[in-house]
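Visitor: Take this sequence and fold it.
(one chain, ligands or ions: 2)
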Amino acid sequence: MSHYPFAGPHRFARNQWYIGAWSAEVGPEPLGRTILGEDVVFYRTSSGDVAALSGICPHRWAPLAKGRVVEDAIQCPYHGAAFDRSGRCTLVPSQPRTPPTLRLRAYPVIERGPCIWIWPGDADLADALLLPDQDSLGLGAAGWRADYGGPVLVNARAQIILENLFDQSHINFVHPQTLGGPESRSDPHQDEVFDTRDRFCVVHRMAARATDDSVRALFPDAGDYVAAHLHVELLGVSLIDAVGSRTFSTDAAGGAPRALGCMNFVHGLTPQTPTTTHYFNAVTRNFALDIAELSTFLVEHNAKVMREDIALLEAIELSLDRVADARKEVTFAADAVAMQVRRRIERIAAADSRVVLI
Ligand code: FES
Ligand SMILES: [Fe+2]
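Guide: Ligands and ions are numbered 1, 2, ... in the order given. I've put the predicted structure just below:
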């Protein structure tokens, strides 16, 4: 049976990095989270390292997130077996010896800035060089301010959330007050697409406009005209910037651009199950860092926009398994970019499962 929106059966792209948690969520208390269908327990050791282990005790299947961390090991709440951060059993209180086969799976994790990345696939293939370039989006990078939200659990599959972020033609209908209106951009034909191994990026260049007071408040160095480039991009399979803006000081014709600043709306999509998704988000910028009201406004605005999308996507999810068939659906011209993203994810997932089989 095919798993919408893919034509084939369900499979996650496992050999990839996903945001498992924000750094701030993981401390010495265990945090349980289902990721790509697997129960995981996160905790932080006394040296500050993050452990990510399979979250179910292999003795009688108790959830380890209900246990506690003792001397850097997670102790099961049922009969007290303890496991260190490599997954090795270090203690069975009712007997002197620990069974060597009683182990937890240890997931590769990398903590970088505000993100704890987890690799749910083959641990031997985990490679820090494959981490999505979070610095370019200002996540934890020097000179940027980031305001974080989530994770929110969304009752919709990750792929429809991802495609929605690349779909401009829904904006006037789903976001008429928050994003829509006469100035919303509706002509996808002006967009440039950059399709590389690490990222897929769509850039829309806005025409130069006279600098007004609201622009000058944010960019005191702006000249008489400013122009913006809007970005929607996918890094890896799970990190999206939608919509990022690069603002330039320029002349009336848009010439001699000088960079003023960047702002990004960052979305991290980590499947929980085939039909539910952990949704991490952040608003980042590298200008007007001290204007707290701007952060408050951006975070509230972003949350409002996300709620509008989530409400619709969750309503769509309710009937997808009964009605949707990617092989029969009709695609509008405006869906072209989202379809490119779908094909890209499909290719990655296919290549990924071949790797696992070798
Ligand atoms: S279920 Fe964990 S020790 Fe028994
Ligand atoms: Fe939307």
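Visitor: Give me the distance from the one helix or strand Val193 maps to to the chain's centre.
Guide: Val193 is part of strand 192-195 when elements are defined by DSSP states H and E. In terms of Cα atoms, centre = their mean, to the nearest Å, the centre of strand 192-195 is found 20 Å from the chain centre.
Visitor: Hmm, Tyr107 is touching Val40, no?
Guide: Yes - here Tyr107 reaches Val40: they are 6.4 Å apart, a contact under Cβ atoms under 8 Å. Yep, even glycine has a C-beta here, placed from its N, CA and C like the rest.
Visitor: anything in contact with each of the two?
Guide: Residues touching both Tyr107 and Val40 (Cβ atoms under 8 Å, 6 or more residues apart in numbering) are 20, 52-54, 118.
Visitor: I'd like the residues you listed as CSV, with neighbour count and pLDDT appended.
Guide: Below are the shared contacts of Tyr107 and Val40 laid out as CSV (neighbours: other Cβ atoms under 10 Å; pLDDT from 0 to 100):
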residue, neighbour count, pLDDT
Gly20, 30, 98
Ala52, 28, 98
Leu53, 25, 98
Ser54, 18, 98
Ile118, 26, 98
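Visitor: Roughly how far does Thr273 sit from ligand 1?
Guide: Separation of Thr273 from ligand 1 (Cβ to the nearest ligand atom, to the nearest Å): 23 Å.
Visitor: For that residue, name its beta-bridge partners.
Guide: Thr276 (DSSP bridges).
Visitor: neighbouring contacts of stretch 305-318?
Guide: Defining contact as Cβ under 8 Å, 6+ apart, one finds that stretch 305-318 is touched by 149, 152, 154-157, 160-161, 164, 174-175, 178-179, 275, 279, 281.
Visitor: Ligand 1: which of those is nearest?
Guide: Thr275 (28.7 Å; Cβ to the nearest ligand atom).
Visitor: which non-adjacent residue is nearest the closest one?
Guide: Nearest residue to Thr275, sequence neighbours excluded (Cβ to Cβ, 6 or more residues apart in numbering): Arg157, at 5.0 Å.
Visitor: after the strand holding Val193 comes which helix or strand?
Guide: strand 199-205.
Visitor: roughly how far out does stretch 284-302 sit from the chain middle?
Guide: Computed by Cα atoms, centre = their mean, the chain-centroid distance of stretch 284-302 equals 20 Å.
Visitor: Adjust the sequence numbering to begin at 15 for everything that follows.
Guide: That works, and once the first residue is 15, the last one we named lands at stretch 298-316.
Visitor: Low-confidence stretches in the protein?
Guide: 195-203, 368-372 (pLDDT under 70).
Visitor: Okay, domains of it per the record?
Guide: 32-143, 146-371 (automatic domain parsing).
Visitor: Turn those into JSON lines, including distance to His17.
Guide: Shown next, in JSON lines, are the domains of the chain (distance: least, Cβ to Cβ, whole Å):
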{"stretch": "domain 32-143", "distance to His17": "12"}
{"stretch": "domain 146-371", "distance to His17": "6"}
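Visitor: Nearest to the spatial middle of this structure, which residue is it?
Guide: Gly282 (1.0 Å; Cα atoms, centre = their mean).
Visitor: I'd say that residue and Leu253 touch.
Guide: Yes - with contact defined as Cβ under 8 Å, Gly282 reaches Leu253; the gap is 5.6 Å.
Visitor: Overlap of the contact sets of those two?
Guide: Among the neighbours of Gly282, those also in contact with Leu253 (Cβ under 8 Å, 6+ apart) are Ile33.
Visitor: Would you state the helices of the stretch 215-364 of the chain in chain order?
Guide: Applying DSSP state H, counting those that start in this stretch to the stretch 215-364 of the chain gives helices spanning 227-232, 306-337, 350-371.
Visitor: which parts of the second one are buried?
Guide: For helix 306-337, the neighbour count (16 or more other Cβ atoms under 10 Å) marks 308-309, 312-313, 316, 319-320, 322-324, 326-327, 331, 334 as buried.
Visitor: cool, the last one as well?
Guide: Neighbour counts using 16+ other Cβ under 10 Å place 351-352, 354-356, 359-360, 363, 366-367 of helix 350-371 among the buried residues.
Visitor: Who are the contact partners of the residue nearest to Thr289?
Guide: By Cβ under 8 Å, 6+ apart, the contact set of Arg171 is 18, 285, 288-291, 331, 334.
Visitor: 10 Å - rerun?
Guide: Applying Cβ atoms under 10 Å, 6 or more residues apart in numbering to Arg171 gives the contacts 17-19, 24, 283, 285-291, 327, 330-331, 334-335.
Visitor: Could you do Pro72 as well?
Guide: Taking Cβ under 10 Å, 6+ apart, we find Pro72 in contact with 90, 95, 97, 101, 103, 113, 115-119.
Visitor: Just the buried ones from those?
Guide: For the contacts of Pro72, a burial check counting by 16+ other Cβ under 10 Å picks out 90, 95, 97, 101, 103, 117-118.
Visitor: Kindly check the end-to-end length of stretch 146-159 for me.
Guide: One end of stretch 146-159 sits 19 Å from the other (Cα to Cα, to the nearest Å).
Visitor: re earlier: got TSV for the contacts of Pro72, with secondary structure too?
Guide: Below are the contacts of Pro72 laid out as TSV (DSSP: H, G, I helix; E, B strand; the rest coil):
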residue	secondary structure
Cys90	coil
Ala95	coil
Phe97	strand
Gly101	coil
Cys103	strand
Pro113	coil
Thr115	coil
Leu116	coil
Arg117	strand
Leu118	coil
Arg119	coil
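Visitor: Export those to JSON lines and append columns for distance to ligand 1.
Guide: Formatted as JSON lines, those follow (distance: Cβ to the nearest ligand atom, whole Å):
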{"residue": "Cys90", "distance to ligand 1": "3"}
{"residue": "Ala95", "distance to ligand 1": "4"}
{"residue": "Phe97", "distance to ligand 1": "9"}
{"residue": "Gly101", "distance to ligand 1": "14"}
{"residue": "Cys103", "distance to ligand 1": "9"}
{"residue": "Pro113", "distance to ligand 1": "11"}
{"residue": "Thr115", "distance to ligand 1": "14"}
{"residue": "Leu116", "distance to ligand 1": "9"}
{"residue": "Arg117", "distance to ligand 1": "12"}
{"residue": "Leu118", "distance to ligand 1": "10"}
{"residue": "Arg119", "distance to ligand 1": "15"}
